[in-house]
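Participant: Mind folding the following:
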Amino acid sequence: MSGTADVADHEVLWTVLNETNFGGVWMARMLLAVIILCVTAVRPFRVATAGRDVVPAFLAAVLLASLGGTGHAQIGEGWMSIVHVASDAAHLLAAGAWLGGLVPLGFILLNYSIINGEPIVDVDRILLRFSSMGYVAVATLIASGLINSWFLIGSFSSLLETLYGQILLGKLALFAAMLALAAANRFWLVPRMIETRAGASREPSVWLGRLRYHVLGEQFLGLMILLAVSVLGTMRPAIGQ
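Facilitator: You can find the predicted model right below:
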């Protein structure tokens with residue numbers, strides 16, 4: 001931002017933090033991160049309640065959504081900037097829900113076992129609930145992604161002819177592959193696993209193994225998408241190039 005290589009210059013850092021919207025948002029985000037750490041640290045000493053995870057989850061969602069105020073959405077002005085920031089925040093929350101949810105889902109499937117003919121975890125209900133959340137997340141990602149593309153790409157030719165647009169196309173291909181795996185899970189693997197368990201067959205373990213690999217595949221594709229996003233965040237948007 002300063003045009004120099006000395007990122008540790010105190011005057012530059014103070015100027016960025018004190019005199020730019022970017023710096024103000026980042027200082028607020030760091031404060032919120034400290035609050036989340038404090039809330040998480042005291043959790044083991046609190047009495048267990050049904051809503052004990054609501055506060056840290058809400059704070060984490062705010063921290064994630066606030067990242068929309070530090071990126072390319074800052075280049076706009078007036079109502080366009082507000083719409084872009086809101087769209088970015090929605091995109092981040094949807095991605096966080098989907099990618100973040102895959103981590104505990106993977107652990108649940110990895111540790112899934114049956115004792116005395118009964119599963120120790122109601123994995124069917126968990127999978128169906130995750131799928132329901134996935135519908136909302138995917139719809140939000142598509143809608144907010146189209147809005148963000150309108151702000152940052154501008155035209156179909158910019159999408160094809162600029163490096164920014166080409167990396168975005170790669171990201172979209174990864175998203176399509178991730179979506180295909182998710183659809184296969186929801187409409188093929190999960191129903192087959194439920195059907196075979198209802199028939200007291202040993203085949204659920206086969207379908208469960210395939211589901212584990214699909215979830216791992218989704219996680220890998222999600223990490224590749226995050227890598228593409230991190231590169232895009234350092235580049236000039238395609239619009240105007």
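Participant: S149 against L168, yeah?
Facilitator: Yes. In this structure, S149 is within contact of L168 by CB atoms under 8 Å, at 7.4 Å. Quick note: C-beta positions are derived from backbone N, CA and C, even for glycine.
Participant: Give the intersection of the neighbour lists for these two.
Facilitator: In terms of CB atoms under 8 Å, 6 or more residues apart in numbering, S149 and L168 are both contacted by the residues L159.
Participant: Comparing those two, which residue is more hemmed in?
Facilitator: L168 (24 against 19; other CB atoms under 10 Å).
Participant: Now name the helix or strand holding that one.
Facilitator: helix 163-184 (DSSP states H and E).
Participant: pLDDT of that helix, averaged?
Facilitator: On average, the pLDDT along helix 163-184 is 94.
Participant: those strands in this structure, which residues are they?
Facilitator: With DSSP state E, the ranges of strands along the chain come out as 114-115, 118-119.
Participant: Lowest mean pLDDT across those, which one is that?
Facilitator: Averaging pLDDT over each of those puts strand 114-115 lowest, since it has a mean of 50.
Participant: okay, the angle between the lengthiest helix in the chain and helix 163-184?
Facilitator: In the chain, with assignment by DSSP state H, the single longest helix is helix 78-110. Interaxial angle, helix 78-110 versus helix 163-184 (axes from the mean of the first three to the mean of the last three CA atoms, to 10 degrees): 40 degrees.
Participant: which parts of helix 78-110 are buried?
Facilitator: Neighbour-count burial for helix 78-110, counted by 16 or more other CB atoms under 10 Å, picks out 81, 84-85, 87-99, 102, 105, 109.
Participant: ditto for stretch 125-139
Facilitator: So stretch 125-139, judged by 16+ other CB under 10 Å, has buried residues L127, F130, G134, A137, V138.
Participant: can you check stretch 11-29 too?
Facilitator: Residues of stretch 11-29 classed as buried by neighbour count (16+ other CB under 10 Å): V16, G23, V25, W26, R29.
Participant: from those residues, which single one is nearest G68?
Facilitator: The shortest approach to G68 among the buried residues of stretch 11-29 belongs to V25, at 9.3 Å (CB to CB).
Participant: Nearest spatial neighbour of that closest one, chain-adjacent residues omitted?
Facilitator: Of all residues not flanking V25 in the chain, G69 sits nearest, at 4.5 Å (CB to CB, 6 or more residues apart in numbering).
Participant: same thing with R212?
Facilitator: Leaving aside its sequence neighbours, R212 sits nearest to L109 (CB to CB, 6+ apart; 4.9 Å).
Participant: right, and the one you found touches R210 too?
Facilitator: No. At 10.6 Å, L109 and R210 do not qualify as touching, with contact defined as CB under 8 Å.
Participant: all helices of the chain, in order?
Facilitator: Taking DSSP H as the criterion, the chain carries its helices at 10-19, 21-42, 54-66, 78-110, 123-152, 156-161, 163-184, 190-198, 204-232.
Participant: Which strands or helices does the first one pack on?
Facilitator: In terms of contacts (3 or more CB pairs under 8 Å, 6 or more residues apart in numbering; DSSP states H and E), helix 10-19 is packed against helix 21-42.
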